[in-house]
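In: need coordinates for the below:
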Amino acid sequence: MTHASAETRVERFAAMGTRVELHQFGRAAPDALLAGRRAIEAVDNALTIHRRSPTTAVNDRLMAGGVATTEDPVLLDALAAIAEAWHATYGLFDPTIGSGGGAAWPALSVDRSAGRIEATRPVAFDFGGFGKGFALDRAAAAMRAAGATSAFLSAGESSVAVIGEHPLGGAWPVAIPHPLDPERWLVELSLRDEALSVSSTVGAGAVAPGRSPMIRPFDSMIITAAATAVAVDASGAAAEAMSTALLVGDPDAAQRLIAADPTRRFSFAFDDPSSRVTA
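Out: Okay, the predicted model is just below:
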């Protein structure tokens, strides 16, 4: 559904397993919202594992021990972004599932130019929250190309991206609520042409139906400690990967990641109320 006024247009729809909202402000760019929606739906169609898709076709081949090929440009772009995120998080972000359990990105070899994907053991992809950030990146790019200069995009409550400045001027103010205390904020941030991701083991989103548990790639441990991680990046895909890494990493790993960008990465452990990980 699209609503229009002299100042604001809004597109709301379901995709990526969540509710998506695209809010466009400022000067008219009538094709921007539709372009953003189509970009997100293209990502959903390419990366979903809940119905037949290019990703499930690749997963079937890799889990059978074969070599997979794909011509889908969205999936290939996603794999390239994951390769960057895996290195940036020291391997703590890994959207693969190996046949014996645990993550398996190092077992993969991707030849993007040939669309060829090989693995040394059976493996499958589950893009999860990364897919939402990746979809917001492509939607923002499509909306900018269509003329949007000010917009707020969200995929659920945990993944957002902004284009340009707030319609009233300046940065977009964003406050992250405390998942266990609705009267408090965890952190308040200002965004300009950036994306934000929140990963958490507590709160309404953490217990949503069908949500997979957070698993540490190195030892396949399910993360059960009450914690929330927040990451901001120019890329929504990178922000999703980083918030996941901050949540599944041990305190030393989280501290190392936060130290690289302490004003844009945060980790909160609620079992110890005083423990906000800092650089």
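In: following the chain past the longest strand seen in the chain, name the next helix or strand.
Out: Longest strand in the chain, counting residues (DSSP state E): strand 181-191. Beyond strand 181-191 on the C-terminal side, the first helix or strand identified by DSSP states H and E is strand 195-200.
In: show me where pLDDT drops low in the chain?
Out: Within the chain, the segments meeting pLDDT under 70 span 1-6, 99-102, 204-223, 272-279.
In: now do the domain split for it, please.
Out: The record's domain split for the chain, according to automatic domain parsing, is 50-126, 171-279.
In: roughly how far is the first one from the heart of the chain?
Out: Going back to what we said before, that points to domain 50-126. Centre-to-centre, domain 50-126 and its host chain are 16 Å apart (Cα atoms, centre = their mean, to the nearest Å).
In: the longest strand of the chain pairs with which strands?
Out: Sheet pairing for strand 181-191, assigned by DSSP bridges, gives strand 172-178 (antiparallel).
In: contacting residues around the strand it pairs with?
Out: With Cβ atoms under 8 Å, 6 or more residues apart in numbering as the test, strand 172-178 has contacts from 152, 160, 162, 165-166, 184-192, 196, 198, 228, 230. The way it works is simple: take the backbone N, C-alpha and C, and place the C-beta from them, glycine included.
In: relative to Ala35, which of the domains of the chain is closest?
Out: domain 50-126 (14.9 Å; Cβ to Cβ).
In: so what secondary structure elements neighbour the longest helix seen in the chain?
Out: If you go by DSSP state H, the chain has its longest helix at helix 128-145. Judged by 3 or more Cβ pairs under 8 Å, 6 or more residues apart in numbering; DSSP states H and E, helix 128-145 is in contact with strand 18-25, helix 32-47, helix 73-88, strand 150-155, strand 159-163, strand 195-200, helix 236-248.
In: CA atoms only: put that helix into CSV for me.
Out: Backbone C-alpha positions of helix 128-145 (Å, rounded to 0.1, in the frame of the first residue of the first chain) are rendered in CSV as follows:
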residue,chain,number,x,y,z
GLY,A,128,19.0,-14.8,8.2
GLY,A,129,19.3,-11.2,9.3
PHE,A,130,22.1,-10.6,6.8
GLY,A,131,19.5,-10.8,4.1
LYS,A,132,17.5,-7.9,5.6
GLY,A,133,20.6,-5.6,5.7
PHE,A,134,21.6,-6.7,2.2
ALA,A,135,18.0,-6.0,0.9
LEU,A,136,18.0,-2.5,2.5
ASP,A,137,21.3,-1.7,0.8
ARG,A,138,19.9,-2.6,-2.6
ALA,A,139,16.6,-0.7,-1.8
ALA,A,140,18.5,2.4,-0.8
ALA,A,141,20.6,2.3,-3.9
ALA,A,142,17.6,1.9,-6.1
MET,A,143,15.7,4.7,-4.4
ARG,A,144,18.7,7.1,-4.7
ALA,A,145,19.0,6.2,-8.4
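In: buried ones in the longest strand of the chain, by neighbour count?
Out: Leu186, Val187, Leu189, Leu191 (16 or more other Cβ atoms under 10 Å).
In: ditto for stretch 13-20
Out: Here stretch 13-20 shows Ala15, Met16, Gly17, Thr18, Val20 as buried, counting by 16+ other Cβ under 10 Å.
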